[in-house]
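**Q** Need the 3D shape of this:
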Amino acid sequence: MVLAESLTGDHRRDFHINRLLRVCQIRDVNELQAREAARLRGATGRPSKISGTDAIVAAFASFCAAPVVLTSDPRDLSALAAHTTRPITIASA
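**A** Numbering: from 1, shown residues only. All right, here's what the predicted structure looks like:
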């Protein structure tokens with residue numbers, strides 16, 4: 001989901017993202033993570049306004065030790081992070 005939303009399909013336009021991806025872990029979404037993402041969206045009180053992709057990112061981060069999420073949308077991710085069991089650091093891109 002995150003890759004589909006982030007990439008354009010044009011290697012010239014995707015250069016910077018592809019560079020960043022070399023140091024990232026690409027993971028499949030399992031049912032537990034999807035359910036946690038849904039719970040986080042609902043807990044914000046505005047689930048229809050927050051993307052499923054942002055919720056998946058927050059859910060993944062909530063399962064990591066000392067997670068840091070780099071985003072261009074700190075408002076929505078901060079709203080999601082407020083409901084995780086583990087603190088998530090949100091950094092603006």
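
**Q** For the protein, give me the ranges with low pLDDT.
**A** Across the chain, nothing is flagged by pLDDT under 70.

**Q** In it, where's the longest helix?
**A** helix 31-43 (DSSP state H).

**Q** quick one: stretch 39-49 to chain centroid distance?
**A** Using C-alpha atoms, centre = their mean, to the nearest Å, the mean C-alpha position of stretch 39-49 is found 14 Å from that of the whole chain.

**Q** what residues does it touch?
**A** The set of residues external to stretch 39-49 that reach it, using C-beta atoms under 8 Å, 6 or more residues apart in numbering, is Ile50, Gly52, Ala55, Ala58, Ala59, Ser62, Asp76, Ala79, Leu80, Ala82, His83, Thr84. (C-beta placed from N, C-alpha, C; glycine too.)

**Q** Likewise for stretch 29-38?
**A** Contacts for stretch 29-38 (C-beta under 8 Å, 6+ apart): Met1, Gly52, Ala55, Ile56, Ala58, Ala59, Phe60, Ser62, Phe63.

**Q** Out of those, which is nearest to Gln25?
**A** Comparing the contacts of stretch 29-38 against Gln25 with C-beta to C-beta places Phe60 closest, at 9.3 Å.

**Q** tell me the contacts of that closest one?
**A** Shown in contact with Phe60 (C-beta under 8 Å, 6+ apart): Arg27, Gln33.

**Q** Please tell me how far it sits from Val29.
**A** Counting by C-beta to C-beta, to the nearest Å, the gap from Phe60 to Val29 is 8 Å.

**Q** with the contacts of stretch 29-38 in mind, which one is nearest to Arg22?
**A** Phe60 (18.4 Å).
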